[in-house]
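K.L.:
Would you be able to build a 3D model of this:
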Amino acid sequence: MSARLSASFDRLPIRVRLASVSALLTFVILCAFAVAIGSLTVHRIRNDFNRQVQDTAIQLPSELHITWVPFTIEPQLSDFASDGNHAVIKILTLGGRIVAQSPAGTPPLGAPQLSAHTIHGYRVVSRPVVVFEDGSREGELIIQYGRRVSDTEATVKRVELLLLLGVLIGTGFALLAGMAIARRAMRPIAQLTSTAAEIARTRDPSRRVPQSEADDEVSELARTLEGMLRELDAARSETESMLARQRRFVADASHELRTPLTSVLANLELLAESLHGDQGEAARSALRSSQRMRRLVADLLLLARTDAARVVAREPCDLAKIVVEAAGELGPVSGAHEISLDVQPAIVEGARDELHRLVINLIENALRHTPPGTEIRISTTTSPDGQVQLVVEDDGPGVPQELQSTLFERFVRGAGDRGGSFGLGLAIVYAVAVSHGGGVTLEPRPDHSGARFVVRLPAYSDLDDDRQDHRPALETVID
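P.N.:
Just a heads-up that it's a prediction; the model follows:
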């Protein structure tokens, strides 16, 4: 139980814990103070009450003048006891018979006793009184004087209530003051937290951390964070510089590899045509491997250019025509797949070769990951808000759920990849789309089957709208 309470307390904010501990200590101190003061005050009130009863009972025999025959009392008992002061006086004979009382109808005060006692809610003191007649002693009576204890107890209750209210109010003030002090003490921490959140949002470790004016633990924490951020900024600069050098190296190396690869491919093609038998087969195998290497180098070169932010020359080009050319290029190798086109003129400003590679990769991805007989539909449209949309969808098995989050990352390959790809096709699609100011997404189809890739690019703004609206749409089916 204590462990659970401790765990619950540890989950509270620091300022709440500080204020709670402060309020608890104040509560304990005030309780001890209230118990001590209350005990002394209640004891004093009760002692004063008992002393008043005792003193009044002692004074009554000397203040009352009682005659035996006729039996009279001067002054009247009502002058000393009435309903107003909640006092009772009874005069009894030695045999216990009541000869006078005030006020009338009060409860009995019990048999006379030498010591003070409490009975029927009254504090009672008994004292003897001697009755004289013409200077001679005629007899002896007993005076009982009592006062209601409830008046004193009511005062005691009020004192206890005031002390309890004082403890609660004092604890409440201590809690509020603790919260205010804790909030003020935690203000530098809150500033550090806000600065850290801003650094996390902007990813800019070069920002300054606010320093506390006091030389305390918070100031030491701020200095530590400041040093850590400086080191992180330096490490980030070094990493970015190293990555930039790597990107330049990959881009330059990929570019330089194209020339020797072209020469190797030309020689292998010549050898494959001129040699026969095992030597010819070896030459053709080497040619296929070199062609695969050329595709890989081309892919790496394209990705390296986008990583290094190298922008090739761009010009207005019709994405619909690029789609038709790419579909025609892949038509002979599409097998039993059916490629259908529904393309509208869609002019974008970009690198034609890169956009051609984007379309080729999307179609090859659909061909590679769908069974024979699957229909692949490709469409291009231009929306009124200035966006060109390219959609490549199929009714195949779709993209596995576990691959959707990493689909556009590099070297990601599906379990059923039968084409021997490098896992760069969709990464190139994403890189080309982003470098052209757009993006690519995998969207669910209405019937929840197959895959639907949507590329959105900004339309070319300088195009004559009338010419674009009157161009005929291209509707083609390639078997």
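K.L.:
Break the protein into its domains for me.
P.N.:
If you go by automatic domain parsing, the domain ranges for the chain are 1-202, 217-307, 315-478.
K.L.:
hang on, S340 is in a helix, isn't it?
P.N.:
No - the assignment for S340, made by DSSP: H, G, I helix; E, B strand; the rest coil, is strand rather than a helix.
K.L.:
ok, of the domains of the chain, where does mean pLDDT dip lowest?
P.N.:
The minimum mean pLDDT among those belongs to domain 217-307 (a mean of 75).
K.L.:
before we move on, the earlier item: quick one: which of the domains of the chain is nearest Q211?
P.N.:
Ranking the domains of the chain by proximity to Q211 (C-beta to C-beta) places domain 217-307 first, at 5.1 Å. To be clear about C-beta, it is placed using only N, CA and C from the backbone, and glycine gets the same treatment.
K.L.:
The residue nearest to Q101 when sequence neighbours are not counted: what's it in contact with?
P.N.:
With sequence-adjacent residues excluded and distances taken as C-beta to C-beta, 6 or more residues apart in numbering, Q101 is closest to K90, at 4.4 Å. K90 is in contact with I98, A100, Q101, T106, L109, I143, Q144, G146, counting by C-beta atoms under 8 Å, 6 or more residues apart in numbering.
K.L.:
G146 too?
P.N.:
G146 neighbours (C-beta under 8 Å, 6+ apart): V53, A87, V88, I89, K90, L109, Y122, R123, V124, V125.
K.L.:
hmm, try it at 10 Å
P.N.:
Contacts of G146 were listed using C-beta atoms under 10 Å, 6 or more residues apart in numbering, and they are 53, 56-57, 81, 86-90, 106-107, 109-110, 116-126.
K.L.:
ok, then the element right after the strand or helix carrying it?
P.N.:
Using DSSP states H and E, G146 falls within strand 136-148. With elements assigned by DSSP H and E, the helix or strand that comes after strand 136-148 is helix 149-202.
K.L.:
and the direction of that following helix versus that of strand 136-148, what angle?
P.N.:
Inter-element angle recorded for helix 149-202 and strand 136-148: 20 degrees (by axes from the mean of the first three to the mean of the last three C-alpha atoms, to 10 degrees).
K.L.:
what packs against helix 149-202?
P.N.:
Other elements packing on helix 149-202 under the criterion 3 or more C-beta pairs under 10 Å, 6 or more residues apart in numbering; DSSP states H and E are helix 14-63, strand 122-133, helix 217-274.
K.L.:
The residue nearest to Q101 in helix, strand or coil?
P.N.:
Here K90 is recorded as strand under three-state DSSP.
K.L.:
and it, bridged to which residues?
P.N.:
Q101, Q144 (DSSP bridges).
K.L.:
re earlier: so which of the contacts of K90 comes closest to S285?
P.N.:
Distance to S285, by C-beta to C-beta, is smallest for G146 among the contacts of K90, at 127.2 Å.
K.L.:
State the distance from that closest one to G331.
P.N.:
122 Å (C-beta to C-beta, to the nearest Å).
K.L.:
D447 now?
P.N.:
Distance, D447 to G331, using C-beta to C-beta: 26 Å.
K.L.:
and if you look at A244?
P.N.:
In terms of C-beta to C-beta, A244 sits 41 Å off from G331.
K.L.:
cool, L64 as well?
P.N.:
For L64, the distance to G331 (C-beta to C-beta) stands at 136 Å.
K.L.:
circling back: who wins for neighbours among the contacts of K90?
P.N.:
Among the contacts of K90, the one with the most neighbours (other C-beta atoms under 10 Å) is G146, at 29 neighbours.
K.L.:
who's in contact with the closest residue to L355 other than its chain neighbours?
P.N.:
In space, and not counting its chain neighbours, L355 is closest to I322: 5.4 Å by C-beta to C-beta, 6+ apart. By C-beta under 10 Å, 6+ apart, the residues touching I322 are 343, 346, 348, 350, 352-353, 355-360, 380, 390.
K.L.:
same thing with T56?
P.N.:
Applying C-beta under 10 Å, 6+ apart to T56 gives the contacts E63, F80, A81, N85, A87, I89, V125, R127, Y145, G146, R147.
K.L.:
Which among those residues count as buried?
P.N.:
Buried by 16 or more other C-beta atoms under 10 Å: F80, A81, A87, I89, V125, R127, Y145, G146, R147, out of these.
K.L.:
which one of the residues you listed is nearest L403?
P.N.:
L403 lies nearest to R147 out of these, by C-beta to C-beta, at 94.4 Å.
K.L.:
Tell me if I'm right that the closest one and H86 touch.
P.N.:
Yes - contact criterion C-beta atoms under 10 Å: R147 and H86 qualify, at 6.1 Å.
K.L.:
Which neighbours do these two have in common?
P.N.:
Jointly contacting R147 and H86 under the rule C-beta under 10 Å, 6+ apart are G121, Y122.
K.L.:
before we move on, back to that, please name whichever of the domains of the chain is nearest to P210.
P.N.:
Minimum separation from P210 across these (C-beta to C-beta) falls at domain 1-202, 4.7 Å.
K.L.:
which residues does E281 contact?
P.N.:
Counting by C-beta under 10 Å, 6+ apart, E281 has contacts A272, L275.
K.L.:
Next, the angle helix 217-274 makes with the host helix or strand of it.
P.N.:
Using DSSP H and E, E281 sits within helix 277-307. In terms of direction (the same axes, to 10 degrees), helix 277-307 departs from helix 217-274 by 150 degrees.
K.L.:
Distance from helix 277-307 to the middle of the chain?
P.N.:
Offset of helix 277-307 from its chain centre (C-alpha atoms, centre = their mean, to the nearest Å): 52 Å.
K.L.:
Show me what secondary structure element comes after that helix.
P.N.:
strand 315-318.
K.L.:
re earlier: now distance to T155 too, for the contacts of T56, in TSV please.
P.N.:
Shown next, in TSV, are those (distance: C-beta to C-beta, whole Å):
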residue	distance to T155
E63	27
F80	22
A81	20
N85	14
A87	16
I89	23
V125	20
R127	26
Y145	20
G146	18
R147	13
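K.L.:
Kind regards, and thank you for your time.
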